[in-house]
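Asks: Got a sequence here, can you model it:
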Amino acid sequence: MAMIDGFRKTGMEVRQELATALLTVCNIVKTSLGPVGLDKMLVDELGDILVTNDGATIVSKLEVEHPAARILVDLAKLQDNEVGDGTTSVVILAAELAKRANQLIQNRIHATNVITGYRLAMREACKFINSKLAVQTSSLGPDALTNVARTSLCSKIVSADSDYFAKICVDALQSVRTVNDMGDYTYPVKAINILKQHGKSARDSVLVNGFALNCQRAAQGMPTRIQNAKIALLDFDLRVSKLKLGVQIVIENPKDLEALRKREVGITAERIKKIVDCGANVILTTKGIDDVSMKYLVQAGVLGVRRCKKDDLKRIAKATGGHLIVNMASTEQEGEETFEAANLGSAEEVSEERFADDECIIIKGGVKQTSSSVILRGANSFMLDEMERALNDALQAVKRTLESTSVVAGGGAVETALSIYLEDYAMTLGSREQLAVCEFSEALLTIPKQLSMNAALDAVDLVSKLRVHHSQTKEVAEYQHFGLDLFENTVKNNIEAGVLEPTMSKVKSLQFAAEAAISVLRIDDVVKFNEKPHEGEEAYPA
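Replies: Numbering: from 1, shown residues only. Predicted coordinates:
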């Protein structure tokens, strides 16, 4: 028998450890689920505080060391990237599936049978959602999109003003609609810039037509408004050129020193002249603009803005058809500097406008893509950061709804309907997979149960009522859309009540949660190697 420089765990000991790791992460986020979920305060090693109830943010900030728990962290990030919403529910569902699978394996059901049953249940559930539970947004009227945004925002910090922010989200996304090469409409969320301004209340947040930069003019003598703007996007300094570190010039004649200083100024002046001669009337740079350069820009009537974020300039380049220039080195003549007019972006108007106590640069009417900006107002940075995360989730939910054109009822309606359906489906299977499908259907009920518990309601009573309604869908078709009303402590038709979620969100949640649980189930052996001794150290100290 070969010796292993480490230790090995196998069998039920490993499975129990993996399930415990998943449940530990799940227990942290589960109380933040739903419209009355609670917030979490995360404090890092430097004492910086983050207050949020966004599942993806909570999980990503946890310094998770256990490999199995990291699967849940990656799962939440994947859901956030793909859908934008539903990150908390996908973590809860994955942990519950893993826990129930572990119980089946303890009862002598082989892991392969459980995996096959879970895959079978996932496929059937996705088919059932698309064929029976999904409702086309065109049949729900113009308020469907606003209701999707409101449902997402109801569990966030802006829940009291969810109607106001839902309208902002829908208007912002519809204003940036573009057509791709296939002729389909796309809604790029990145074309919507979110700025945060301290002061006033959340209801003072506004939607601005155009891309807003949290910067201002470099000098007061520059124009505040430029029509038919030609924008130069730079990633280098417009300050007097200085010699690089380590370069020395020995000067014996004082006149040569003055000539050197003039040349330093002249290099920057020539750069500005070349950019302006190409037709640029707006210059945005990620670096600085000094007093000497400002003088040249003011004389040329150019609007100059310094210290812009590089990510913002990339987005402006995409919207205006320009290019972000890193340097002006010529490709044809060595040692020469040139600037081509093809690198300029075009916009209908660039202006400086005042919001609260600060000025913002607004770029309107980009030739390639229209842009919008949301200027958020709030009491402090914690609130503004959480508002930004809430808005991002809502924007992603509306985007997915616009692209897939179908929604499902929220409030645990989908999970309960799938649980009843999968219970009936399991009875048609004459193999061990039947038990796995039954456990999958039971695990789905953890979402409505947790919603009820977070609202301090009787989970058993409410979920029982919900199951009764869903079991009678053959007699009354509308019962399949019944979900929880946590504020009235009852169940009702959530399609009519306007509690809507994108179909894609539910389908992806099921797929991601099932795959995460399966990837943990496939592990039955863990070998951990001992740390290699450093040079000069004993391998086995006494």
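Asks: shaky segments in the stretch 101-250 of the chain?
Replies: 243-246 (pLDDT under 70).
Asks: Against which helices or strands is the helix or strand of the chain with the lowest mean pLDDT packed?
Replies: One helix or strand of the chain scores below all others by mean pLDDT, DSSP states H and E: strand 6-10, with a mean of 76. Judged by 3 or more CB pairs under 8 Å, 6 or more residues apart in numbering; DSSP states H and E, strand 6-10 is in contact with strand 525-529. The C-beta positions use only the backbone N, C-alpha and C, and glycine is treated the same way.
Asks: got the buried residues for the strand it packs on?
Replies: Neighbour-count burial for strand 525-529 flags Val526 (criterion: 16 or more other CB atoms under 10 Å).
Asks: returning to that earlier point: pull the residues that contact the least confident helix or strand of the chain.
Replies: Contact with strand 6-10 is made by 17, 524-530, as judged by CB atoms under 8 Å, 6 or more residues apart in numbering.
Asks: tilt between it and strand 525-529?
Replies: Relative orientation of strand 6-10 and strand 525-529, computed by axes from the mean of the first three to the mean of the last three CA atoms, to 10 degrees: 170 degrees.
Asks: Name every strand pairing with strand 6-10 and say which way it goes.
Replies: With DSSP bridges as the test, strand 6-10 is paired with strand 525-529 (antiparallel).
Asks: and Asp39, what is it in contact with?
Replies: Applying CB under 8 Å, 6+ apart to Asp39 gives the contacts 32, 51-53, 157.
Asks: Point out where the chain drops to low pLDDT.
Replies: Flagging of the chain using pLDDT under 70 yields the residue ranges 1-3, 243-246, 333, 335, 356, 533-542.
Asks: From the centre of it, give me the residue that's furthest out.
Replies: For the chain, the largest distance from the centre (CA atoms, centre = their mean) belongs to Asn253, which lies 61.0 Å off.
Asks: Can you report phi and psi for that residue?
Replies: For Asn253, the backbone dihedrals (degrees, to the nearest 10) come out as phi -100, psi 120.
Asks: Val326 contacts Phe236, correct?
Replies: Yes. With contact defined as CB atoms under 8 Å, Val326 counts as touching Phe236 (6.5 Å).
Asks: Of those two, which one has the most company?
Replies: Between Val326 and Phe236, counting by other CB atoms under 10 Å, Phe236 is the more crowded of the two (13 against 10).
Asks: what about the more buried one, which SS state?
Replies: coil (DSSP: H, G, I helix; E, B strand; the rest coil).
Asks: Which of the contacts of Asp39 fall in strands?
Replies: Among those, DSSP state E puts 51-52 in strands.
Asks: contacting residues for Leu510?
Replies: Contacts of Leu510 by CB under 8 Å, 6+ apart are 93, 122, 125-126, 129, 418.
Asks: what do you get if the cut-off is 10 Å, keeping everything else the same?
Replies: Leu510 is in contact with 90, 93, 97, 121-123, 125-126, 129, 414-415, 418, 440, 444, counting by CB atoms under 10 Å, 6 or more residues apart in numbering.
Asks: can you tell me which of the residues you listed lies nearest to Ala68?
Replies: Relative to Ala68, the closest of these is Leu97; by CB to CB it sits at 13.2 Å.
Asks: any idea how far the closest one is from Ser60?
Replies: 21 Å (CB to CB, to the nearest Å).
Asks: So for the two, which sits in the more crowded spot?
Replies: Neighbour count, other CB under 10 Å: between Leu97 and Ser60, Leu97 has more, with 30 against 15.
Asks: contacting residues for that one?
Replies: 22, 114, 118, 121-122, 436, 439-440, 442-444, 446, 510, 513-514, 516-518, 520-521.
Asks: Quick one: buried ones out of these?
Replies: Buried by 16+ other CB under 10 Å: 22, 114, 118, 121-122, 436, 439-440, 443-444, 446, 510, 513-514, 516-518, 520-521, out of the contacts of Leu97.
Asks: tell me the SS of Gln227?
Replies: Judged by three-state DSSP, the three-state class of Gln227 is strand.
Asks: In a markdown table: the contacts of Leu510, plus secondary structure.
Replies: Formatted as a markdown table, those follow (three-state DSSP):
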| residue | secondary structure |
| --- | --- |
| Val90 | helix |
| Leu93 | helix |
| Leu97 | helix |
| Ala121 | helix |
| Met122 | helix |
| Arg123 | helix |
| Ala125 | helix |
| Cys126 | helix |
| Ile129 | helix |
| Val414 | helix |
| Glu415 | helix |
| Leu418 | helix |
| Phe440 | helix |
| Leu444 | helix |
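Asks: Tell me, how many residues neighbour the closest residue to Ser404 other than its chain neighbours?
Replies: With sequence-adjacent residues excluded and distances taken as CB to CB, 6 or more residues apart in numbering, Ser404 is closest to Met504, at 5.0 Å. Neighbour count for Met504, taken as other CB under 10 Å: 22.
Asks: Strands of the stretch 201-350 of the chain, start to end?
Replies: For the stretch 201-350 of the chain, the strands defined by DSSP state E, counting those that start in this stretch occupy 206-209, 211-213, 225-234, 282-285, 303-305, 324-325, 345-355.
Asks: of all those, which lies closest to Ser371?
Replies: Closest of the strands of the stretch 201-350 of the chain to Ser371 is strand 211-213, at 3.8 Å (criterion: CB to CB).
Asks: all strands for the stretch 51-200 of the chain, in order.
Replies: Using DSSP E, counting those that start in this stretch, strands in the stretch 51-200 of the chain cover 135-136, 178-179, 185-186, 192-198.
Asks: Figure out which of these is closest to Ser162.
Replies: strand 192-198 (17.0 Å).
Asks: Now do that closest one: which elements does it pack against?
Replies: The contact analysis (3 or more CB pairs under 10 Å, 6 or more residues apart in numbering; DSSP states H and E) places strand 192-198 against helix 162-175, strand 206-209, strand 211-213, helix 310-320, strand 358-366, strand 372-378, helix 381-404.
Asks: For the first one, name the packing helices and strands.
Replies: What that stands for is helix 162-175. Counting by 3+ CB pairs under 10 Å, 6+ apart, helix 162-175 packs on helix 144-153, strand 192-198, strand 206-209, strand 372-378, helix 381-404.
Asks: cool, the shortest one as well?
Replies: In terms of contact count using 3+ CB pairs under 10 Å, 6+ apart, strand 211-213 is assigned the packing partners strand 192-198, helix 310-320, strand 345-355, strand 358-366, strand 372-378.
Asks: ok, the third one: who's next to it in the sheet?
Replies: Strand 345-355 has the following strand partners under DSSP bridges: strand 225-234 (antiparallel), strand 358-366 (antiparallel).
Asks: ok so, going back, could you identify which of the helices and strands packed on strand 211-213 is most buried?
Replies: Sort the helices and strands packed on strand 211-213 by mean neighbour count, taking mean count of other CB atoms under 10 Å, and strand 372-378 sits at the top with a mean of 22.
Asks: Show me what that strand pairs with in its sheet, parallel or antiparallel.
Replies: When DSSP bridges is applied, strand 372-378 pairs with strand 192-198 (parallel), strand 206-209 (antiparallel).
Asks: mind giving me a markdown table with these and columns for distance to Glu337?
Replies: What follows is the strands paired with strand 372-378, written out as a markdown table (distance: least, CB to CB, whole Å):
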| stretch | distance to Glu337 |
| --- | --- |
| strand 192-198 | 32 |
| strand 206-209 | 36 |
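Asks: Of all the ones you listed, which one comes closest to Lys368?
Replies: Going by CB to CB, the one of the strands paired with strand 372-378 nearest Lys368 is strand 192-198, 15.4 Å.
Asks: For ChimeraX, write the selection for the buried entries among the contacts of Asp39.
Replies: In ChimeraX, a selection of the buried entries from those looks like this (16+ other CB under 10 Å):
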select :32,52,53,157
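Asks: Dump the contacts of Asp39 into TSV; add distance to Pro142 as well.
Replies: Shown next, in TSV, are the contacts of Asp39 (distance: CB to CB, whole Å):
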residue	distance to Pro142
Ser32	32
Val51	35
Thr52	32
Asn53	30
Ile157	27
